[in-house]
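**Student:** Give me the fold of what follows.
(one chain, ligands or ions: 1)
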Amino acid sequence: MSATIIDGKVYSGALTAKVAEEVAALVRDHAIKPGLAVILVGEDPASQIYVRSKNEQSLAAGMHSVTYRLPAETTEAEVIDLVRQLNFDRAIHGVLVQLPLPAQISEKRVLEALDPDKDVDGLTVTNAGRLASGLPALTPCTPLGCMIMLREAVGALAGKRAVVVGRSVLVGRPMAQLLIGADCTVTVAHSKTRDLPGLCREAEILVAAIGRPQMIRGDWVRPGAAVIDVGINRVPFSDPVKAAAGKTKVVGDVAFKEASEVAGWITPVPGGVGLMTVACLLQNTVTAARRIHGLE
Ligand code: GUN
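**Tutor:** Below you'll find the model as predicted:
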């Protein structure tokens with residue numbers, strides 16, 4: 001194995017500690033306690049785990065944190081009502097609506113109801129537009145975490161060729177915008193891209209955000225590249241005894257072992273990008289609190 005592992009635990013630990021200090025300073029100097037509200041509709045098992053972690057970590061950083069757990073049959077109007085209440089709640093500076101929402105609720109209409117200044121997930125059209133225009137924005141947490149790790153592990157990014165595989169609103173598109181902002185030359189690839197392996201081999205920075213287990217193979221990776229794996233895919237164990245027992249494991253969008261023999265840097269799954277996502281959510285909530293109170 002030749003690649004340097006970009007350890008999410010190290011970077012997220014450092015960021016969370018910095019956020020906790022910023023929270024303490026806001027409380028001490030301005031009597032402002034940053035507050036996060038998370039809305040979870042339904043019983044999606046992965047979402048339950050993420051939401052619990054967001055709540056626990058924001059409390060651990062000294063923030064105010066509330067989780068609204070609504071039944072799967074909640075109507076769109078009820079979710080929008082709650083979002084509007086939180087827009088006016090002075091104890092709350094960040095509101096996150098956990099996705100996906102049940103089929104009867106339009107994500108777009110719920111996000112439209114959210115005050116962009118409290119949109120700590122950076123998913124409103126206003127924040128996406130600010131980011132694309134190079135203006136200060138609340139930026140989606142996962143790509144923000146990828147950028148922090150890239151800057152700190154790799155160093156100077158200007159002029160590098162970056163390929164982002166995946167064009168989702170949550171990750172691929174904002175990731176491309178952040179890389180453009182860092183003066184990279186950026187290509188966004190997706191399911192219709194021709195010769196994806198050849199394109200990936202050109203990338204000095206390769207970001208995999210496709211949601212397909214281990215799709216990116218070792219021979220798609222340019223020697224020395226920085227590989228950022230955003231995938232979180234649950235798959236059966238290859239060991240037939242464990243698989244027969246219904247046991248699953250989490251793998252990324254990159255075939256880690258193969259890729260790590262070629263790459264210069266690589267994020268593991270688990271233990272990479274995922275840990276940074278929550279740390280960045282806490283950071284965004286502090287940023288939102290500061291801006292709402294005119295401190296930035
Ligand atoms: N579901 C999976 N990841 C995310 C995320 O970053 N934000 C929200 N709101 N929902 C998600």
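
**Student:** Tell me, how many residues neighbour R194?
**Tutor:** 7 (other Cβ atoms under 10 Å). No exception for glycine: its C-beta is placed from N, CA and C like everyone else's.

**Student:** where does it fall, phi/psi-wise?
**Tutor:** Dihedral pair for R194: phi -90, psi 150, per degrees, to the nearest 10.

**Student:** For it, report the pLDDT, please.
**Tutor:** Looking at R194, its pLDDT reads 98.

**Student:** C184 too?
**Tutor:** 98.

**Student:** Excluding sequence neighbours, find me the nearest residue to it.
**Tutor:** A162 (4.2 Å; Cβ to Cβ, 6 or more residues apart in numbering).

**Student:** what's the answer for T185, then?
**Tutor:** R161 (5.1 Å).

**Student:** I'd like the next helix or strand past the helix or strand in which L111 is found.
**Tutor:** Using DSSP states H and E, L111 sits in helix 107-113. Under the assignment DSSP H and E, the closest C-terminal helix or strand after helix 107-113 is helix 125-132.

**Student:** what ranges do the helices span in the stretch 101-250 of the chain?
**Tutor:** 107-113, 125-132, 141-154, 172-181, 196-201, 240-244 (DSSP state H, counting those that start in this stretch).

**Student:** near the ligand, anything from the longest one?
**Tutor:** Yes - residues of helix 141-154 contacting the ligand under Cβ under 6 Å from any ligand atom: C141, T142.

**Student:** between that helix and helix 172-181, what angle do the directions make?
**Tutor:** 40 degrees (axes from the mean of the first three to the mean of the last three Cα atoms, to 10 degrees).

**Student:** in helix 141-154, what counts as buried?
**Tutor:** Going by neighbour count (16 or more other Cβ atoms under 10 Å), the buried part of helix 141-154 is C141, T142, P143, L144, G145, C146, M147, I148, M149, L150, A153, V154.

**Student:** So which residues make contact with it?
**Tutor:** Contacts of helix 141-154 with the rest of the structure, by Cβ atoms under 8 Å, 6 or more residues apart in numbering, involve 4, 6, 8, 11-12, 15, 120-122, 157, 170-171, 174-175, 178-179, 182, 205, 207, 209, 226, 228, 230, 264-265, 267, 272-273, 276-281, 283-284.

**Student:** Now do the same for the closest residue to the ligand within the stretch 51-200 of the chain: its pLDDT.
**Tutor:** Closest residue of the stretch 51-200 of the chain to the ligand, Cβ to the nearest ligand atom: L99 (3.6 Å). pLDDT, L99: 96.

**Student:** Now for it: which residues touch it?
**Tutor:** S47, E107, L170.

**Student:** Out of these, which comes closest to M63?
**Tutor:** Distance to M63 across the contacts of L99 (Cβ to Cβ) is lowest for S47, with 20.4 Å.

**Student:** Strands of the stretch 151-296 of the chain, start to end?
**Tutor:** Secondary structure of the stretch 151-296 of the chain (DSSP state E, counting those that start in this stretch): strands at 161-165, 185-189, 205-208, 226-229, 233-236, 248-251, 265-266.

**Student:** Distance to the ligand for the ones you listed - can I get that in JSON lines?
**Tutor:** Putting the strands of the stretch 151-296 of the chain into JSON lines (distance: least, Cβ to the nearest ligand atom, whole Å) gives the following:
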{"stretch": "strand 161-165", "distance to the ligand": "16"}
{"stretch": "strand 185-189", "distance to the ligand": "19"}
{"stretch": "strand 205-208", "distance to the ligand": "15"}
{"stretch": "strand 226-229", "distance to the ligand": "15"}
{"stretch": "strand 233-236", "distance to the ligand": "13"}
{"stretch": "strand 248-251", "distance to the ligand": "14"}
{"stretch": "strand 265-266", "distance to the ligand": "21"}
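
**Student:** a markdown table please, covering those strands and showing mean neighbour count.
**Tutor:** Formatted as a markdown table, these follow (neighbours: other Cβ atoms under 10 Å):
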| stretch | mean neighbour count |
| --- | --- |
| strand 161-165 | 26 |
| strand 185-189 | 19 |
| strand 205-208 | 29 |
| strand 226-229 | 29 |
| strand 233-236 | 14 |
| strand 248-251 | 15 |
| strand 265-266 | 24 |
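
**Student:** what's the host helix or strand of S47 packed up against?
**Tutor:** Per DSSP H and E: S47 is located in helix 45-60. With contacts taken as 3 or more Cβ pairs under 8 Å, 6 or more residues apart in numbering; DSSP states H and E, helix 45-60 sits against helix 8-30, strand 35-41, strand 64-70, helix 273-292.

**Student:** could you pick out which of the contacts of L99 are near the ligand?
**Tutor:** Okay, of those touching the ligand (Cβ under 6 Å from any ligand atom), that's L170.
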